[in-house]
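Trainee: okay, here's the prediction I keep looking at, along with the sequence it came from:
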2 protein chains.
Amino acid sequence: MSEFLKVAQAAKDAAQLLAPLPRGPKDRALRAIADALVARTAEIVAANAEDVAKAREAGTSEAMIDRLRLDAARVEKIAGAVREVADLPDPVGEVVRGSTLPNGLELRQLRVPLGVIGIIYEGRPNVTVDAAALCLKSGNAVLLRGSSSAYASNTVLVRVMQEALAETEVPAGAVQLVPGLTRDSVKELMRARGLVDVLIPRGGASLINSVVEESTVPVIETGVGTCHVYVDADADQDMALSILINAKAQRPSVCNAAETFLVHADIADEFVPKALAALKNAGVTVHGDPAIAAYSPDVVPATEDDFYAEYLSLDIAAAVVGSLDEAVAHIRRYGSAHTDAIITRSQPAARRFTALVDSAAVAVNASTRFTDGGEFGFGAEIGISTQKLHSRGPMGLPELTSTKWIYTGDGHIRT
Amino acid sequence: MSEFLKVAQAAKDAAQLLAPLPRGPKDRALRAIADALVARTAEIVAANAEDVAKAREAGTSEAMIDRLRLDAARVEKIAGAVREVADLPDPVGEVVRGSTLPNGLELRQLRVPLGVIGIIYEGRPNVTVDAAALCLKSGNAVLLRGSSSAYASNTVLVRVMQEALAETEVPAGAVQLVPGLTRDSVKELMRARGLVDVLIPRGGASLINSVVEESTVPVIETGVGTCHVYVDADADQDMALSILINAKAQRPSVCNAAETFLVHADIADEFVPKALAALKNAGVTVHGDPAIAAYSPDVVPATEDDFYAEYLSLDIAAAVVGSLDEAVAHIRRYGSAHTDAIITRSQPAARRFTALVDSAAVAVNASTRFTDGGEFGFGAEIGISTQKLHSRGPMGLPELTSTKWIYTGDGHIRT
């Protein structure tokens, strides 16, 4: 049995013990993890220093190194996030539907954990703890496969969590690091049907596509966002400018940032010069179609690829469209079905746009940046699903559960 | 472009027009289909006669030929089922959740169609129409890939549906038959990511496994049922006998029929002889472990494979277990997580069994045969999901939908 299979089997065994636990023991376990993280800060920071040193040797940018770095304050913050998860309601056991059937059978649909959740991620080491906390709270065991650049940090973080769990009613095996640094372990994880119930890749489009292509474990796609802001003929133009700048520049590296703006031809002459000036002022490079480029020599001519791009930087694609329906067609063609916004004072336009745009979220007169579990009031978020099955949009704790039907009779048989 | 891709693209184009339609036009289209099926009965029966003749030449059993055969009464019944789907409520547009966020953003989560649903099935030609009706009602286009033995029937049924739709507001392209009889078209369907939103295989374990292995389109597994009846030490034994016989023999060919029974050792001496007599009387062959076999020479010694088997026939596996937890372990190991029942008068035993058995449905003092969309009051059923993502258990119309978040502000930006 490979090292991976041992770890996956341990997670599955732990999942069976964890699933029926009520909220009390799960919350106590999460608080024990938070305490242990703080108590063992020195050990965590020391392991992290190894990762940082290796990254520096490898010539990693200072910005990336800063994302990787842990210090006492950051460990304290990670522990605080675990305590916040403990404070959230438990989704498990919720009666989703229920009725007494005409024959007297009592029928209930209960929320239950998924089982074992695999998470493949490229993010900062805090994701290791965040993801584990969300999975444990929702009654799931978790197999964590983080970035190889954070392997020393993740190894210690998982060890601290496991040792904290060993003192609680939650089995220590419920949190597992996928062993090894090679792609082989990722491949094993993707083929672990029967051991792993769902795989959540968190990262760029190439990671997500490779998981979707290769996995036999059911996948929830997350996080690729080619979000659009469409400025309608009837837009309040000051509002449109404010939303456009916010959606693009407030935090360009996240999936709900805007990557393209579309302007109705009727207001292009008035709006586009203002938009180009405001974007330039915010440090944004505009990659425009010929109609946009005609307004300023600063505009970089857009290629087809620009309209598909998830820049995650201070770049934005732009085009003039002849109608709302043309904007919708553009979004359907180039978008990633994450979040698309319309700015309009027209009720019929808002109604048509929200009906025809087939994305996880559609915003009316609001920035795309609000598509977020925290903003939606979920309290925590494991990622933003851009697929249609199971869960679409921000995923909180209930999205980490399945359901089970229970029916009770007094000797009921079918006739 | 292959014939398959043309058809899939046509379905996708139709799905975009169909998705925003409200209930009225969809119900009118379903009634037009029902009327057309009845009006064109002669044409349908003639095509079906070709399939029947071919099946007979190929030496197909009369029982199978009867499943394949259509006559005027059966066509009338198929049309009636379409009218029943028209009478069901429309899941699309339901507001699943909604709130006004602290910042004043108005947030709603709406039910929307999935898009294009692919269905691969081995069943009778009525499935062609049933599945199409459920998909249309829930706003989805459908790609149908039925059994090659029903190809002539399915071709005419789809043509009749398309020609009926052509006179309605629902685009005719929303119902498509996957062209050709070879496995190539199934392979194309399984790789049609981006054109097909979900694939639902309906059939035996080998079909479902091959789809799960090969598909890059998200799959909903349905219908494999290795269901258990566990007779607890505290069971009402008359009730247990009645439920056991019902679960096994009332309709052995369906996925919610029982395939194994487990008996607590404490009551084995009293219960097993009664059970063996009753099963023999119902024409059932028992494949038992040594403890069961000791009670009667009629018992066929069970192999490991018997406990995994989905017989779908008048056969049942049987074993004696030392405890409820041993029964649970057996079910976890050999079961398909479809439906498992406990017969007990003990409340703690019922509570423990329902908590620990991780199946789509758990029955207490009731036959496994009740796990069914019709019995649950769904009005219709596309299949029974045995997976944990998206939908688990009987799938009705809401299970053929996704959701979309819509948020409306008055210039909201994130700060």
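Mentor: That came through fine.

Trainee: can we go C-alpha only for contacts and neighbour counts from here?
Mentor: Noted.

Trainee: could you find the closest non-adjacent residue to A:Ala34?
Mentor: In space, and not counting its chain neighbours, A:Ala34 is closest to A:Ala79: 4.4 Å by C-alpha to C-alpha, 6 or more residues apart in numbering or on different chains.

Trainee: doesn't that neighbour lie inside a helix?
Mentor: Yes: judged by DSSP: H, G, I helix; E, B strand; the rest coil, A:Ala79 forms part of a helix.

Trainee: residues contacting the closest residue to chain B within chain A?
Mentor: Here chain A gets closest to chain B at one residue, A:His390, 3.5 Å apart by C-alpha to the nearest C-alpha. Contacts here follow C-alpha atoms under 8 Å, 6 or more residues apart in numbering or on different chains; on that basis A:His390 touches A:399, B:389-391, B:402.

Trainee: per-residue confidence for the residue nearest the centre of chain A?
Mentor: Residue closest to the mean C-alpha point of chain A, counted by C-alpha atoms, centre = their mean, is A:Gly383 at 1.7 Å. Note on A:Gly383: pLDDT of 92.

Trainee: who are the neighbours in contact with it?
Mentor: Residues near A:Gly383 by C-alpha under 8 Å, 6+ apart: A:202, A:222-223, A:394-396.

Trainee: the same query, at a cut-off of 6 Å, please.
Mentor: Going by C-alpha atoms under 6 Å, 6 or more residues apart in numbering or on different chains, A:Gly383 touches A:222, A:395.

Trainee: so it bridges to which residues?
Mentor: Following DSSP bridges, A:Gly383 is listed with bridge partners A:Met395.

Trainee: go through stretch A:308-324 and flag the buried ones.
Mentor: A:308-321, A:324 (16 or more other C-alpha atoms under 10 Å in any protein chain shown).

Trainee: ok, now stretch A:154-168?
Mentor: Under 16+ other C-alpha under 10 Å, the buried positions of stretch A:154-168 are A:154-162, A:164-165, A:168.

Trainee: same question for stretch A:185-204.
Mentor: Neighbour-count burial for stretch A:185-204 [16+ other C-alpha under 10 Å]: A:185-186, A:188-193, A:195-204.

Trainee: partners of the helix or strand where A:Ile316 lies in the sheet?
Mentor: Per DSSP states H and E: A:Ile316 is located in strand A:315-321. If you go by DSSP bridges, strand A:315-321 pairs up with strand A:258-264 (parallel), strand A:285-288 (parallel).

Trainee: tell me how far that strand lies from the chain's centre.
Mentor: With C-alpha atoms, centre = their mean, to the nearest Å as the basis, strand A:315-321 stands 26 Å off its chain's centre.

Trainee: same deal with stretch A:53-64?
Mentor: With C-alpha atoms, centre = their mean, you get 25 Å for stretch A:53-64.

Trainee: from A:Leu177, how far off is the closest residue to A:Arg124 other than its chain neighbours?
Mentor: Distances taken as C-alpha to C-alpha, 6+ apart place A:Leu68 nearest to A:Arg124, at 5.4 Å, with adjacent residues excluded. Per C-alpha to C-alpha, to the nearest Å, A:Leu68 is found 18 Å from A:Leu177.

Trainee: then A:Thr339?
Mentor: When C-alpha to C-alpha is the yardstick, A:Thr339 and A:Leu177 sit 32 Å from each other.

Trainee: try A:Leu5
Mentor: From A:Leu5 to A:Leu177 the distance is 12 Å (C-alpha to C-alpha).

Trainee: between those two, who's got more neighbours?
Mentor: A count of neighbours by other C-alpha atoms under 10 Å in any protein chain shown puts A:Leu177 above the other of A:Leu5 and A:Leu177, at 25 against 17.

Trainee: does the more buried one touch A:Ser147 like I think?
Mentor: No: between A:Leu177 and A:Ser147 there is no contact under C-alpha atoms under 6 Å: 11.3 Å.

Trainee: picking that back up, columns secondary structure, pLDDT and distance to chain B on top of the buried residues of stretch A:154-168, output as JSON lines?
Mentor: Output for those, formatted as JSON lines (DSSP: H, G, I helix; E, B strand; the rest coil; pLDDT from 0 to 100; distance: C-alpha to the nearest C-alpha, whole Å):
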{"residue": "A:Asn154", "secondary structure": "helix", "pLDDT": "97", "distance to chain B": "28"}
{"residue": "A:Thr155", "secondary structure": "helix", "pLDDT": "97", "distance to chain B": "29"}
{"residue": "A:Val156", "secondary structure": "helix", "pLDDT": "98", "distance to chain B": "32"}
{"residue": "A:Leu157", "secondary structure": "helix", "pLDDT": "98", "distance to chain B": "29"}
{"residue": "A:Val158", "secondary structure": "helix", "pLDDT": "98", "distance to chain B": "27"}
{"residue": "A:Arg159", "secondary structure": "helix", "pLDDT": "98", "distance to chain B": "28"}
{"residue": "A:Val160", "secondary structure": "helix", "pLDDT": "98", "distance to chain B": "29"}
{"residue": "A:Met161", "secondary structure": "helix", "pLDDT": "98", "distance to chain B": "25"}
{"residue": "A:Gln162", "secondary structure": "helix", "pLDDT": "98", "distance to chain B": "24"}
{"residue": "A:Ala164", "secondary structure": "helix", "pLDDT": "98", "distance to chain B": "25"}
{"residue": "A:Leu165", "secondary structure": "helix", "pLDDT": "98", "distance to chain B": "21"}
{"residue": "A:Thr168", "secondary structure": "coil", "pLDDT": "98", "distance to chain B": "20"}
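
Trainee: what's the closest of those to A:Ala294?
Mentor: Comparing those against A:Ala294 with C-alpha to C-alpha picks out A:Asn154 as the nearest, at 50.7 Å.

Trainee: from the strands paired with strand A:315-321, which stretch is densest packed?
Mentor: Mean neighbour count (mean count of other C-alpha atoms under 10 Å in any protein chain shown) peaks for strand A:258-264 among these, with a mean of 28.
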